[in-house]
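Chemist: What follows is a predicted structure for the sequence shown.
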2 protein chains.
Amino acid sequence: MPTADPPLTGAELVTALRGLSHRYWGTHPFHRRLHAGELSKAELRRWAANRWYYQSILPQKDAAIIANCPLPDIRRQWLPRIAYHDGSANGDGGRERWLRLCEAVGLIRDEVLSERHVLPGVRFAVDAYVTFARTRPWLEAVASSLTEMFAGHLMRQRVADMLANYPWIGQDDLAYFTNRIDAVSGEGRDTIDIVVRHCVTRAQQEAAIAALSFKCDVLWSMLDAIERGASHDPA
Amino acid sequence: MPTADPPLTGAELVTALRGLSHRYWGTHPFHRRLHAGELSKAELRRWAANRWYYQSILPQKDAAIIANCPLPDIRRQWLPRIAYHDGSANGDGGRERWLRLCEAVGLIRDEVLSERHVLPGVRFAVDAYVTFARTRPWLEAVASSLTEMFAGHLMRQRVADMLANYPWIGQDDLAYFTNRIDAVSGEGRDTIDIVVRHCVTRAQQEAAIAALSFKCDVLWSMLDAIERGASHDPA
């Protein structure tokens, strides 16, 4: 809720945002099992095919932010995210790298694209994220992207752990993560800069914190649904 | 209204879309006076400052189309439109070229950016266009862009007529149009291709025709408001 309290300093706002790191999906039990090498092949496939739905929607989420933003410099700064995920041609980009991982764990590409393996709970969570970007002020939607502050460390660990624990997965199959590590290597610094610069009232700052909290809920809920989704696995 | 009639052939659909050319704002009385050299400096300023609002909103309109489109190849094809208008840096792009024309006709840049000269009727029409792109299926919003089929001829004529009839306006001041003529030199061929390829039912085809008709109404209404806007001119 907005309050009449004075605005946080930039440093206080960053501290408050970083303070949500324990809510990030890095500590979710399903991710712990993934990293520990405890997932079955069926579980790996379920994870990859469901997270695909999240990956596939990111360009539309980022375009929704641009569609709501009246500031050309922010639009210019945000635009490369769309090209990053969609790529410059078929067979390129983040979505293609995720599809490669799907195939490495034994999924059929067309089945992934058909979304037939996407669990209802995953769809609801991801769709809520896109709806948030479409309907909330652009600054809140930008703040919701700040989970990338927490992503670099987790993805570096994931590449090491998956290579160690799932011997049928090769380095090239993990190109989504190795490429993405570089993309978020600033731990979201540019995005933090936007949020600190444009959240000038306490109400805006609290809305930004709430937006990041919401995004943590989106990601966590996806893994909850994936963890419980065994009954939907293909025979 | 959707009907049970069989789909048009591609050629029939293109003919139906092109058949709306008489509704394009090229024949609006205010445009005729502009081309004939009959506008006062105050009218030229009113025109430029109000059309600015349309120009400024185009990146958000195009991002809304991408936000609604689940097809990566269409998103990739549409993405350069955002960069075209916003430019790659401040001082670049279609919006900057329009601001240059505003300054050439005697407007103050900051006043244009403040939107204080934007007439209510212009704002309503332009906002309706953005709302259309945000809320209608992406294919209809793409079809609404097909006024670019009619734009090349009008803009070539405009450059010649404005240079001939408004001696204080130079060739460089008209960079928006000269640059845009190149951009639409295919008379919207790529956009027509998308519409023909994806409008496969008669209902979709009729929705595309209705979308282009709606867009003609948006542009025409802008000029109606500008034509009648003398009472809002700055003293």
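Modeler: Yep, that arrived.
Chemist: residue contacts, residue A:84?
Modeler: Contacts for residue A:84 (Cβ atoms under 8 Å, 6 or more residues apart in numbering or on different chains) come out as A:93, A:94, A:183. Just so you know, the C-beta spots here come from the backbone N, C-alpha and C atoms, and that holds for glycine as well.
Chemist: Of those, just the buried ones, PyMOL syntax please.
Modeler: For the buried members of those, the matching PyMOL selection, counting by 16 or more other Cβ atoms under 10 Å in any protein chain shown, is:
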select buried, chain A and resi 93+94+183
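Chemist: What is the nearest of the contacts of residue A:84 to residue B:66?
Modeler: residue A:93 (14.2 Å; Cβ to Cβ).
Chemist: Which pLDDT does the model give that closest one?
Modeler: pLDDT for residue A:93: 93.
Chemist: what's the burial count for the closest residue to it other than its chain neighbours?
Modeler: Nearest non-adjacent residue to residue A:93, counting by Cβ to Cβ, 6 or more residues apart in numbering or on different chains: residue A:87, 2.3 Å away. Close neighbours of residue A:87, defined as other Cβ atoms under 10 Å in any protein chain shown, add up to 17.
Chemist: tell me which of the contacts of residue A:84 is nearest to residue B:218?
Modeler: Relative to residue B:218, the closest of the contacts of residue A:84 is residue A:93; by Cβ to Cβ it sits at 33.7 Å.
Chemist: From residue A:115, how far out is residue A:69?
Modeler: 29 Å (Cβ to Cβ, to the nearest Å).
Chemist: And stretch A:166-186, what's buried?
Modeler: A:166, A:169, A:173, A:174, A:175, A:176, A:177, A:180, A:181, A:183, A:184.
Chemist: Tell me who's in contact with the closest residue to residue A:227 other than its chain neighbours.
Modeler: Sequence neighbours aside, residue A:30 is the residue nearest to residue A:227 in space, at 4.4 Å (criterion: Cβ to Cβ, 6+ apart). Residue A:30 makes contacts with A:47, A:223, A:224, A:226, A:227, as judged by Cβ under 8 Å, 6+ apart.
Chemist: can you check residue A:175 too?
Modeler: So residue A:175 contacts A:97, A:100, A:101 (Cβ under 8 Å, 6+ apart).
Chemist: Can you tell me which of the residues you listed comes closest to residue B:132?
Modeler: Nearest to residue B:132 among the contacts of residue A:175, with distances taken as Cβ to Cβ, is residue A:97, at 34.6 Å.
Chemist: in which helix or strand would I find that closest one?
Modeler: Assigned by DSSP states H and E, residue A:97 falls within helix A:93-104.
Chemist: and the helix or strand following that helix, is it in reach of chain B?
Modeler: With elements assigned by DSSP H and E, the helix or strand that comes after helix A:93-104 is helix A:109-113. No. On the criterion Cβ under 8 Å from any Cβ of the partner chain, helix A:109-113 is out of touch with chain B, staying 10.5 Å away.
Chemist: Helix A:109-113 - contacts with which helices or strands?
Modeler: With contacts defined as 3 or more Cβ pairs under 8 Å, 6 or more residues apart in numbering or on different chains; DSSP states H and E, the packing partners of helix A:109-113 are helix A:41-67, helix A:93-104.
Chemist: which stretch among these comes nearest residue A:193?
Modeler: Taking Cβ to Cβ, helix A:41-67 is the member of these nearest to residue A:193, at 15.6 Å.
Chemist: which SS class is residue A:5?
Modeler: Under DSSP: H, G, I helix; E, B strand; the rest coil, the three-state class of residue A:5 is coil.
Chemist: Next, count neighbours for it.
Modeler: 11.
Chemist: In this structure it contacts residue A:203, no?
Modeler: No. Taking contacts as Cβ atoms under 8 Å, residue A:5 lies outside contact range of residue A:203: 9.3 Å.
Chemist: could you give the angle of the helix or strand bottoming out on mean pLDDT in chain A to helix A:41-67?
Modeler: When the helices and strands of chain A are scored by mean pLDDT, DSSP states H and E, helix A:175-183 comes last with a mean of 88. Here helix A:175-183 points in a direction 40 degrees away from that of helix A:41-67 (axes from the mean of the first three to the mean of the last three Cα atoms, to 10 degrees).
Chemist: Relative to residue A:62, which of the contacts of residue A:84 is nearest.
Modeler: Among those, and counting by Cβ to Cβ, the member closest to residue A:62 is residue A:94, at 11.2 Å.
Chemist: got a list of what the closest one touches?
Modeler: Contacts for residue A:94 (Cβ under 8 Å, 6+ apart) come out as A:55, A:58, A:84, A:85, A:86, A:87, A:176, A:179, A:180.
Chemist: Could you count how many residues lie near the first one?
Modeler: What that stands for is residue A:55. Per other Cβ under 10 Å, the neighbour tally for residue A:55 reads 21.
Chemist: what's near enough to touch it?
Modeler: Residue A:55 touches A:85, A:94, A:95, A:98, A:176, counting by Cβ under 8 Å, 6+ apart.
Chemist: and chain A, which residues reach chain B?
Modeler: By the rule Cβ under 8 Å from any Cβ, the part of chain A lying against chain B is A:56, A:59-61, A:63-64, A:66-70, A:72-73, A:75-76, A:79, A:82-83, A:86-90, A:93, A:95, A:133-134.
Chemist: please redo it, this time with the cut-off set to 10 Å
Modeler: A:56-57, A:59-76, A:78-80, A:82-83, A:85-90, A:92-93, A:95-96, A:130, A:133-134, A:138 (Cβ under 10 Å from any Cβ of the partner chain).
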